[in-house]
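[1] sequence isn't available, so here's the structure alone:
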């Protein structure tokens with residue numbers, strides 16, 4: 001691939017992500033309790049982390065998946081906002097002293113550093129709950145069948161539970177400072193990060209009435225880019241720029257976390273990420289140009305580091 005083509009694709013991906021981010025950001029407050037509403041401390045804490053920055057990547061993937069099968073971003077908006085609530089909840093809890101004990105997130109002090117540990121825990125809980133308030137309200141999605149809303153809500157619930165994101169987090173915590181094998185490392189990455197990515201892509205398709213074949217292809221796409229994203233995140237923890245990433249660099253090494261670079265080295269990790277992105281793109285062969293944002297986002301993942 002020639003550099004000019006790479007540059008064009010990166011610009012297109014960034015433009016699409018920026019459009020989706022603006023669309024999501026304009027809607028988040030509409031689906032949240034008032035910032036000054038009683039009790040004020042919890043609502044300020046929720047707003048603080050939601051508006052502390054972030055690319056809105058997961059809701060953007062949900063929207064791109066919906067549009068790839070002929071759906072509308074407006075019809076899936078409540079779910080798109082809900083997955084950002086869920087992602088923010090995981091970040092607040094990941095940063096807590098009992099878990100990763102991070103002091104910086106998206107270039108700002110982490111939630112518990114500003115509001116205290118108790119309010120941070122409750123803010124995460126409240127965002128998790130508010131996400132399901134949105135996803136289970138059919139009045140917000142009149143163009144979507146109740147059956148698809150229920151199916152999509154279950155997809156998200158399964159992805160976030162003890163056999164999904166939380167399970168991956170548990171194994172990640174229990175593996176710190178230990179020598180683990182490659183299968184355990186892959187489990188951590190797939191479940192802690194990959195399941196949520198895959199669920200977002202599947203949900204966009206399900207809400208938009210995708211065929212069984214389309215949902216299957218998009219599931220495989222989501223699984224590949226989910227794992228690629230986490231491997232690239234591991235790489236960036238070593239070679240990334242603190243200012244650009246908005247978080248401390250080298251924290252995985254300091255905590256002796258299980259990562260791809262630690263086990264396989266930087267170069268092999270980069271090759272693995274590239275291979276996963278290529279496999280993700282192959283999953284989109286049956287789709288037309290409406291899936292181009294999904295293609296561009298996948299390529300953009302790799303271009304973050306290479």
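    Received the coordinates, thanks. What you are looking at is a predicted structure, and each value in this text was computed from that prediction instead of being measured. Residues are numbered from 1 along each chain as shown.

[2] separation between the residue lying closest to residue 93 once chain neighbours are set aside and residue 50?
    In this structure, residue 93 finds its nearest non-sequential neighbour in residue 124, 4.6 Å apart by Cβ to Cβ, 6 or more residues apart in numbering. Just so you know, the C-beta spots here come from the backbone N, C-alpha and C atoms, and that holds for glycine as well. Counting by Cβ to Cβ, to the nearest Å, the gap from residue 124 to residue 50 is 11 Å.

[3] what touches both of the two?
    Common neighbours of residue 124 and residue 50, using Cβ atoms under 8 Å, 6 or more residues apart in numbering, are residue 88.

[4] settle it for me: which of those two has more neighbours?
    residue 124 (26 against 22; other Cβ atoms under 10 Å).

[5] now the more buried one: which helix or strand?
    Element membership of residue 124, judged by DSSP states H and E, is helix 117-135.

[6] for that helix, which positions count as buried?
    In terms of neighbour count (16 or more other Cβ atoms under 10 Å), helix 117-135 has its buried residues at 119-124, 126-128, 130-132, 134-135.

[7] just the endpoints, please. Distance across stretch 173-192?
    11 Å (Cα to Cα, to the nearest Å).

[8] hmm, who's touching it?
    Here stretch 173-192 has contacts from 99, 163-165, 167-169, 171-172, 223, 226-227, 230-231, 255-260, 263, using Cβ under 8 Å, 6+ apart.

[9] can you select the buried ones among those for me in PyMOL?
    With 16+ other Cβ under 10 Å as the criterion, this PyMOL line picks the buried residues out of these:
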select buried, resi 164+165+167+168+169+171+172+223+226+227+230+231+257+258+259+260+263
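
[10] of the contacts of stretch 173-192, which belong to strands?
    Judged by DSSP state E, strands contain none of the contacts of stretch 173-192.

[11] quick one: which of the contacts of stretch 173-192 sit in helices?
    Mapping the contacts of stretch 173-192 onto helices (DSSP state H) picks out 165, 167-169, 171-172, 223, 226-227, 230-231, 260, 263.

[12] so where do the strands sit in the stretch 51-200 of the chain?
    104-105, 108-109 (DSSP state E, counting those that start in this stretch).

[13] in its sheet, what does the first one sit against?
    When you say that, I think you mean strand 104-105. Strand pairing for strand 104-105, determined by DSSP bridges: strand 108-109 (antiparallel).

[14] how far off centre is the partner strand?
    20 Å (Cα atoms, centre = their mean, to the nearest Å).

[15] what do you get for stretch 161-175?
    16 Å.

[16] stretch 287-299 now?
    Taking mean C-alpha positions (Cα atoms, centre = their mean), stretch 287-299 and its chain are 17 Å apart.

[17] so for that stretch, mean pLDDT?
    Averaging pLDDT along stretch 287-299 gives 94.

[18] need the contact list for the closest residue to residue 35 other than its chain neighbours.
    The shortest distance from residue 35 to any non-neighbouring residue, by Cβ to Cβ, 6+ apart, is to residue 47 (4.7 Å). Residue 47 makes contacts with 29, 32, 35, as judged by Cβ under 8 Å, 6+ apart.

[19] for the stretch 101-250 of the chain, give me the ranges with low pLDDT.
    For the stretch 101-250 of the chain, residues meeting the criterion pLDDT under 70 lie at 240-250.

[20] could you measure from residue 28 over to residue 76?
    Residue 28 is 15 Å from residue 76, by Cβ to Cβ.

[21] ok, those two, which is more surrounded?
    residue 76 (27 against 18).

[22] can you pull the pLDDT of that one?
    Residue 76 is given a pLDDT of 97.

[23] report the contact partners of it.
    62, 63, 66, 141, 144, 203, 204, 207, 208.

[24] hang on, isn't residue 264 packed against residue 272?
    Yes: if you go by Cβ atoms under 8 Å, residue 264 and residue 272 touch, sitting 7.1 Å apart.

[25] now the common contact residues for these two.
    In contact with both residue 264 and residue 272: no residue, using Cβ under 8 Å, 6+ apart.

[26] now the helices for the stretch 51-200 of the chain?
    Assigned helices in the stretch 51-200 of the chain, in chain order: 57-68, 77-94, 111-115, 117-135, 146-160, 165-175, 182-189, 195-207 (criterion: DSSP state H, counting those that start in this stretch).
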